[in-house]
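*Asks:* Generate a structure from the sequence data that follows.
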Amino acid sequence: MAYRYLGAVRWLALALLAVYLAHLWIAFGSSTFLYLYGATWCPHCRDLDAFLSKRYTDSYLFCKIDLSEECRRAFDSLRGVLGTRVPPEYREYLGSIPQTYVVRDGKYIVAIVVGAVTDERFWRNVTAMEPRERVLLVVPPNVYEIPMSFSEQSDLVSKYILVNGASTRPSRGWELGPQILVPAALVAAGGALVAYAFIRGRK
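*Replies:* Purely as a prediction, here's the structure:
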């Protein structure tokens with residue numbers, strides 16, 4: 001009677017493995033990071049931090065310009081560099097917080113979002129964007145494109161966005177939390193089922 005279920009056991013084990021691999025792809029395959037410049041005294045910054053930290057746990061950084069001198073200098077430098085590239089009516093927004101930089105592959109800026117945008121659909125769309133040589137400056141409800149080459153974007157990210165003085169560092173997700181242990185247990189169980197089915201099938 002047990003032989004009737006060997007095929008089902010194999011398929012179950014493969015399904016468990018597929019679920020685990022999909023989890024790894026989601027957790028570790030994402031190449032988009034969000035860098036929020038803000039301050040602890042800013043209520044809009046705190047609201048956005050609460051929103052982003054829950055949804056982008058392993059791909060988010062809050063750079064607090066009131067607590068870190070390095071964050072403050074980086075933010076001021078970005079404002080100065082970008083201020084020469086946007087129309088005068090947009091320059092004032094570059095000094096506003098919260099201000100979030102959406103970075104792909106650790107070197108491309110796909111968007112700069114000014115304000116506490118807490119719409120899930122908006123963030124899903126903006127984090128799915130591919131790098132271009134035009135950076136979106138989003139000041140809801142307005143959007144402006146900043147011409148910027150890939151090399152210029154990479155230079156800005158390396159100099160002013162990946163700062164060491166941030167309050168939290170973006171994690172790659174390899175901590176032994178439930179998001180790792182649960183799928184690992186599932187794939188271990190699946191492996192045991194495959195081994196059992198293989199052994200039983202050879203008898």
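
*Asks:* Specify which residues of the chain, grouped into ranges, have pLDDT under the cut-off.
*Replies:* 1-30, 162-203 (pLDDT under 70).

*Asks:* now the strands: where do they sit in it?
*Replies:* Along the chain, counting by DSSP state E, strands occupy 32-38, 60-64, 99-104, 108-114, 134-139, 142-147.

*Asks:* Summarise which helices and strands the shortest one is packed against.
*Replies:* Put plainly, it is strand 60-64. With contacts taken as 3 or more Cβ pairs under 8 Å, 6 or more residues apart in numbering; DSSP states H and E, strand 60-64 sits against strand 32-38, helix 43-55, helix 69-83. All C-beta spots, glycine's among them, are computed from the backbone N, C-alpha and C.

*Asks:* Adding mean neighbour count and distance to Val114 as columns, could you present these in CSV?
*Replies:* Formatted as CSV, those follow (neighbours: other Cβ atoms under 10 Å; distance: least, Cβ to Cβ, whole Å):
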stretch, mean neighbour count, distance to Val114
strand 32-38, 23, 10
helix 43-55, 16, 10
helix 69-83, 17, 11
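
*Asks:* Out of the ones you listed, the one nearest Thr118 is which?
*Replies:* Evaluated with Cβ to Cβ, the helices and strands packed on strand 60-64 place helix 43-55 nearest to Thr118, the distance being 4.5 Å.

*Asks:* other SSEs contacting the closest one?
*Replies:* So helix 43-55, by 3+ Cβ pairs under 8 Å, 6+ apart, packs with strand 32-38, strand 60-64, helix 120-127.
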